[in-house]
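> Fold the following and give me the result.
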Amino acid sequence: MRWPLAGRSLRWRLTLAGAGAIVIAILGAALGLALLFERHVERVAAADLEARIHAIAARVETGTDGRPVLRPVEIDPLYTRPFSGHYWQIELDGQRMRSRSLWDHVLIWPEGAADQGPGDGQARRVDLTGPMGEPLLAREARFAVGPAAVPLRILVATDREDLEAARRGFLGDLVPVLGVLGVMLGSGSWVQLR
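Got it, this is the predicted structure:
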């Protein structure tokens, strides 16, 4: 039995092998870069959510009765439009406050999330579903405020669709560049074989 390429020239076989290696390398680079970009975008988004948590926590003051109270949270346009994909929810001393973007929806804490760790102010990842059923990238932190160690719980979340849109945009920009790179590598390989 003869192999299909057995009668072909060495140059033809090397050209096919080189083209195959270039395609595999380009696909591997695309997948690797997409994964790195996705992780980077998620880290940046999580850091932004954590900064927002601490900005909200800084608005807690001691009231005239010695109990902590939350000064009104400054209105950020991201949190005013209903179902915008950007949400916050606060629980302080038995009271719950929500961003206008949640409309009349209350974010449901995951099972057991209320008992996770002490009120150390460290932001933790929580998996939540938004008011329209969308998956959210969310961070929550618990604090013990004032001399009476009143519990303060802050949740800030954003729609994961924004992150997916960024990833798709990155891949849309990346594909033509990798295509040009593939053509250049293929041309260089062909010239070398000649």
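
> This structure: helices as residue ranges?
10-57, 160-193 (DSSP state H).

> Next one: A21 from H40, what distance?
28 Å (Cβ to Cβ, to the nearest Å). No exception for glycine: its C-beta is placed from N, CA and C like everyone else's.

> meant to ask about W12, not that
Distance, W12 to H40, by Cβ to Cβ: 42 Å.

> Could you do L181 as well?
L181 is 21 Å from H40, where distance means Cβ to Cβ.

> Over to R13?
From R13 to H40 the distance is 40 Å (Cβ to Cβ).

> What of H86?
20 Å.

> quick one: which of these two has more around it?
More neighbours surround H86 than the other of H86 and H40, with 23 against 12 (other Cβ atoms under 10 Å).

> how about that one, what does it touch?
Neighbouring residues of H86 by Cβ atoms under 8 Å, 6 or more residues apart in numbering: 78-79, 99, 101, 157-159.

> List the contacts of the residue nearest to it when sequence neighbours are not counted.
Distance criterion Cβ to Cβ, 6 or more residues apart in numbering; nearest residue to H86, sequence neighbours excluded, is L78 at 4.1 Å. By Cβ under 8 Å, 6+ apart, the contact set of L78 is 84, 86, 101.

> so what's L78 scoring on pLDDT?
Listed pLDDT for L78 reads 84.

> Tell me which residues of stretch 170-183 come out buried.
With burial defined by 16 or more other Cβ atoms under 10 Å, the residues of stretch 170-183 counted as buried are 170, 178, 182.

> go on, stretch 182-194?
Neighbour-count burial for stretch 182-194, counted by 16+ other Cβ under 10 Å, picks out 182, 185-186, 189.

> And the furthest pair within those?
G182 and S189 (10.5 Å; Cβ to Cβ).

> Can you give me the separation between the most centrally placed residue in the chain and D159?
Residue closest to the average C-alpha location in the chain (Cα atoms, centre = their mean): E42, at 2.9 Å. Counting by Cβ to Cβ, the separation of E42 from D159 is 13 Å.
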